[in-house]
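*Asks:* Next come a sequence and a model predicted from it.
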Amino acid sequence: MNTPLLPHILTTLFVIPLLAAIFIAIMPAKLARYISLSSFVAMLGVSLVMALGFNYNLAGMQFSEVYNWITMPFQVQYHVGVDGISLCLVILSTFIFLFSALASYSIGDNRPKFYYANLMLLSFSVIGVFISLDLLQFFVMYEFELVPMYFLIAIWGGPGRSYAAMKFLIYTFTGGVFMLTGLIYMYTQLGVDNASSQTFDMIRLAQICPLMPQAFQTMACLGFLMAFLIKLPSFPFHTWLPDAHVEAPTPISMILAGLLLKMGSYGLVRICLGFFPYFFLHYGPVLMLIGAFNIVWAAIACMVQTDMKRIIAFSSVSHMGFVTLGISAVSAAALSGAIFQMISHGVISALLFFLVGVVYERTHTRDIHEIGGGLTKLAPVLFYFWMFACMANLGLPGLSGFVAETAVIYGSFTGFMATIGKHAHMCQWSVYLAATGMILTAGYMLWLLKRLFYGDTKEKWINHFAAIRPLEQFIAYGLAIMVLALGIYPMLVTKEYVVTSDAMNLSIVQRATIGCLDNNHKIEISKINLSPKLNSAN
Amino acid sequence: MSISINDAKHLIESAWLLVAVPFLVGFLIILGLHKSKPLSMMISIGAVGYGFIHALLIMLSLAQHSDLGPWQVNYDWFTATNLRLCMGYLVDNLAAMMLVVVTAISLVVQIYTHGYMKDDPGYSKFYAYLSLFTASMLGLVVSTNLFETYFFWELVGVCSYFLIGFWWQKESAAQACLKAFIVNRIGDFGFLLGIIMFLSITRTLWCESPILAYVSNSGRDLGSIIIQAYNAHMLTAPMLSVIALLIFLGPMAKSAQAPLHVWLPDAMEGPTPISALIHAATMVAAGIYLVARAYPLWLTPDGSLHSLGLTVIAWVGGFTAFMAATIALSQFDIKRVLAWSTVSQLGYMFVGLGCGAFSGGLFHLFNHAFFKAMLFLCSGAVIHGLHGEQDIRKMGGLFKSMPITAICFLIGTLSISGCPGLSGFFSKDEIISASIEHNLPLGILMIVTAAMTSFYMFRLFFLTFVGEFRGHGHPHESPLSMTGPLMALAIPSIFSGYLGVNLPALIQGRADTSFFPSFIHFGSTPIFEEPNLSVMAYSTIAAILGFVLAFMIYKAKSLSFNTAIVESKNTLVQIAYKFSLNKWYFDELYLTILQKFILPVYKKLWETVDVLIVDSMVNLSGLIALGLGEIMRYFQNGRAQFYAFIIFFGVVALTTYAYYFVIMP
């Protein structure tokens, strides 16, 4: 549905970064930062206008635009549109990009034109992923992100940047290959019975695929799932993330944790869950276990690190486990919590990586023992921001992380999988396991805080550690206020996506009953439909 | 004073202001007002002063118009199709009592802080934290449902974390705040799991009403839902026990019950006003408050008192009371003795609730808040007067130099020891008689503990205020801003006990109405216990015994078996002494487990799996790709002879293969 008041608004949003990138390339280097900043402000403005014009009561796509792109030998379209989930992620993207561009002051004279052009291209591809409604277009956007990201890490990164950039590239590229495999498999299989159902239109696919046989769904989903689990990242594909983070410059870490990981989780929701519900109904317990294990495993890894940026990086891995858990639980509350976690973690991790960057810029070391504590004395305001961010990360009530984690834990414990599904007990134990993560998170976050800010100050930092500057304060305040606002009044964003996510969840449960599933499962599904629990639950 | 019904209604309806005002003040100070010390102090004290008056008026309104309560409002906070979490505020008698306690203690502590923290660079920040704490605690008190309680429960915990670590440059403080938060997190973990398990069983019964509500007039509160679920065979007694015990982990951590008590004594690293406010009077009472609030959870599903939940509560409380008292016997830090005594008294309150003395346990909370806050503030005055000295071996004879502090301390000591006529006597007595009735061994343990309480409190008093001064410097009395709050707290420490007894009836030995039990009770009708004179006699004798022993050892010095114990060659006595001195080795046990077991195992595990297996595989696959490329490139060298050579051998190989494996068989 094209809202007449705001024609082509998504295309506008899509084109701004591309134009800005070209503009940056031809203008003098001095202007690069300002062009980039002003176009991010414009993008944030456009996305907020879009949010104002958005109808929260509809579950479908809005602001859609379709143009034919390739017609032979197969149909590919330029097709964009947003529903509640993607709208939230688009706003998150423009918000985080603006702040990371602000935080890019440290790039200084080190090839600013190339840097900001790459940043614009990166934002182009991230936005593209969130608004694409054609699967091939989605795939292109998803892969395109690799190019600017590789350069951003490999040129402006730390000492081990080439290893990190290569590792990032190989991992993500492998994921891309899996996704391509899944995509081609899906496309060819769709044409076996009826050539007219071959399509890349994601809206159509969301209607057709769930009706396909289970073997098809399982195989196709596996391809996509691998790609998204690598991106997320989930154990055992997570080792690229700490390396990439540690070597990436601060603003790129903010984007990497805040947005790029969300591309994986968005794919999980939109494609894996939306197209292949059978996979979740059948293998959901395994995914839940992976998610829960991810939470605990990454938290354990955090406990033994001595590099502060590595701790925050692993903590991102840990928190993304809540997304996997929430998505695979087949429960409206858990799905809603998982989406909330994407947004909340996007802001919190950006804040944390920014604060790590502020400390690193002054100490030139990330080693906790070398920093040695007592930084409060030198930068008291920085300490409060750190405290705030740590509290947000460990899920303090009143801040956004708490809402997401509580909703996911509650939802996955009361959802389809843990109450009625085949392996209910295993799912329940996954939730217990996930809940122990909250103790571990408190442990490593506060321990980190203690080792950085409490105790005696090392002699060498005195007079060599500047207090936090106004621009840094502005960035930290901006992100912190967002965390607080989401935590105090979560309906601020839930109201935008809850209709969509509920509809998505409902359709899975309904489709489960229609009969694309084996008999064994059908019985179980019919059992739940009779039970009064489901009526109130879903 | 009589309040008209309309005024009463308005007072109760505006109860949300109690929470909002201190929150606002806390944020205002953090965001800018901290630049002006007097302004920070004044608005902070002003906010809590207003809170105190409002809370008192609410309590009076409810006492006069009992039909007004319980009164609640709920707002949606997070909704998904099958989840509707609400935030709101609830005012009833129990909440009103707690509101008065929290605001009263908070008010005197904030006034006292002005004197105690005058020269501290973090003066304004301290007021900000105090305001935030007060707001969170009041939020916890007026919570309408378990989830909201959990929300504020954690906020209270984090304020406590800020305040314990207030002097961040001290390594001990940094460790103490970390420990406090993590131990509390362990409790919260159980609390959250318990809530979620309960909700997952009963979620269909709440319908459209706010979930997990404590009270409601449509039959959708904790108690009624449990009965409905039980009748519908959704909930069994063992399931309820599991849930109750998981949730009880929360109160265990917050109210410092064994084995999660280890954080409270270390929390004394924070400034003394905090020890008085948070770690003696209000926050640690949150656990008791929660148990009382959600009392049906701990009963059997059909509402009987003989449940596993209550038995566990009673025994955990009893064990903790005893253990903490034995530890307090041998400590030398004035604040730590008081901290252990707090742990012990909290144990008493749990015993009261666990044995069914609902009003009695809460009455002890009420009385204890006043006299323990006063004792802590006295210890703060002593430390202030001695310029930071906390070791009672370096005190003595302070009665002369700080008489007001000494007299207040004596009143507190008498009250906590259970001296007849003072507040502690009445409430402790109700608990002991309930425990004797409920479970005789537990009752005896409580009486023994009472004797120890009296002993260690008088030991503390004698070593601090009587005899010769053993320290250095010139101790001095504190300014009025510190002694004023002490004197103000002395009044309830003496008289608050009379709210809970009907004196003429008590003397005649019969049961009759009195204010506290008729104001706060579980179930629809208040229960007035018949005063048990023999129990009173036992506990008085125990208290006197403790006092006489302390007097003879530390004042008259006619007994010296304390030195005999310390220097004893008898291994058994030595072990017992060391056990008490080293706090039953809980800290050592936990630290060993953490440092020698958990962290090394984590490290080994991570190094093996992530670094050795996963990363090696990644690097190996990279190497294989590289190696294959290295090998393959020799096949691409561009020499025609080599290609011909390859083709020739390829043909030979294929022919051979075809001959032997395709044609022959």
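*Replies:* Done, it's in.

*Asks:* tell me which parts of the stretch 101-250 of chain A are close to chain B?
*Replies:* By CB under 8 Å from any CB of the partner chain, the residues of the stretch 101-250 of chain A that approach chain B are A:K167, A:I170, A:Y171, A:P236, A:T239, A:W240. Bear in mind the C-beta positions are built from the backbone N, C-alpha and C, glycine included.

*Asks:* and B:K603, what element?
*Replies:* Counting by DSSP states H and E, the secondary-structure element that holds B:K603 is helix B:599-606.

*Asks:* you'd agree A:A25 is in a strand?
*Replies:* No - counting by DSSP: H, G, I helix; E, B strand; the rest coil, one finds A:A25 to be helix, located in no strand.

*Asks:* how far away is it from A:I155?
*Replies:* Distance check for A:A25 against A:I155: by CB to CB, to the nearest Å, it reads 16 Å.

*Asks:* Kindly export stretch B:332-345 (C-alpha atoms) in PDB.
*Replies:* Extracted in PDB, the C-alpha atoms of stretch B:332-345 (Å, rounded to 0.1, in the frame of the first residue of the first chain):
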ATOM      1  CA  PHE B 332      35.900  -6.500  66.800                       C
ATOM      2  CA  ASP B 333      34.600  -4.000  64.200                       C
ATOM      3  CA  ILE B 334      31.800  -2.000  65.800                       C
ATOM      4  CA  LYS B 335      29.800  -1.900  62.500                       C
ATOM      5  CA  ARG B 336      30.300  -5.500  61.800                       C
ATOM      6  CA  VAL B 337      29.000  -6.600  65.200                       C
ATOM      7  CA  LEU B 338      25.900  -4.600  64.400                       C
ATOM      8  CA  ALA B 339      25.800  -6.100  60.900                       C
ATOM      9  CA  TRP B 340      25.800  -9.600  62.200                       C
ATOM     10  CA  SER B 341      23.200  -8.600  64.700                       C
ATOM     11  CA  THR B 342      21.100  -7.400  61.800                       C
ATOM     12  CA  VAL B 343      21.500 -10.700  60.100                       C
ATOM     13  CA  SER B 344      20.400 -12.400  63.300                       C
ATOM     14  CA  GLN B 345      17.400 -10.200  63.800                       C
END
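
*Asks:* related to what we said a few turns ago, just put the residues of the stretch 101-250 of chain A next to chain B in TSV and tack on pLDDT and secondary structure.
*Replies:* Supplementary listing: these in TSV, determined by pLDDT from 0 to 100; DSSP: H, G, I helix; E, B strand; the rest coil:
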residue	pLDDT	secondary structure
A:K167	85	helix
A:I170	84	helix
A:Y171	86	helix
A:P236	82	coil
A:T239	85	coil
A:W240	87	helix
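
*Asks:* In PyMOL, select just the buried ones from those residues.
*Replies:* The following PyMOL selection, which keeps only the buried ones among these, applies the criterion 16 or more other CB atoms under 10 Å in any protein chain shown:
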select buried, chain A and resi 167+171+236+239+240
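
*Asks:* just curious, which of the residues of the stretch 101-250 of chain A next to chain B is nearest to A:L449?
*Replies:* Using CB to CB, A:T239 is the member of those that sits closest to A:L449, with 25.6 Å.

*Asks:* close enough to count as contact, A:I343 and A:L87?
*Replies:* No - between A:I343 and A:L87 there is no contact, the gap being 10.9 Å when judged by CB atoms under 8 Å.

*Asks:* which of those two has more neighbours?
*Replies:* When neighbours are counted by other CB atoms under 10 Å in any protein chain shown, A:I343 comes out ahead of the other of A:I343 and A:L87, with 27 against 24.

*Asks:* got the contact list for the more buried one?
*Replies:* In this structure, A:I343 makes contact with A:C88, A:L89, A:L92, A:S400, A:L486, A:V493, judged by CB atoms under 8 Å, 6 or more residues apart in numbering or on different chains.

*Asks:* Tell me which of A:A25 and A:I155 has more neighbours.
*Replies:* Shown here are A:A25 and A:I155; by other CB under 10 Å, A:I155 has more neighbours (17 against 13).

*Asks:* mind listing what's buried in the helix holding B:K603?
*Replies:* Within helix B:599-606, the residues that qualify as buried are B:Y602, B:W606, counting by 16+ other CB under 10 Å.
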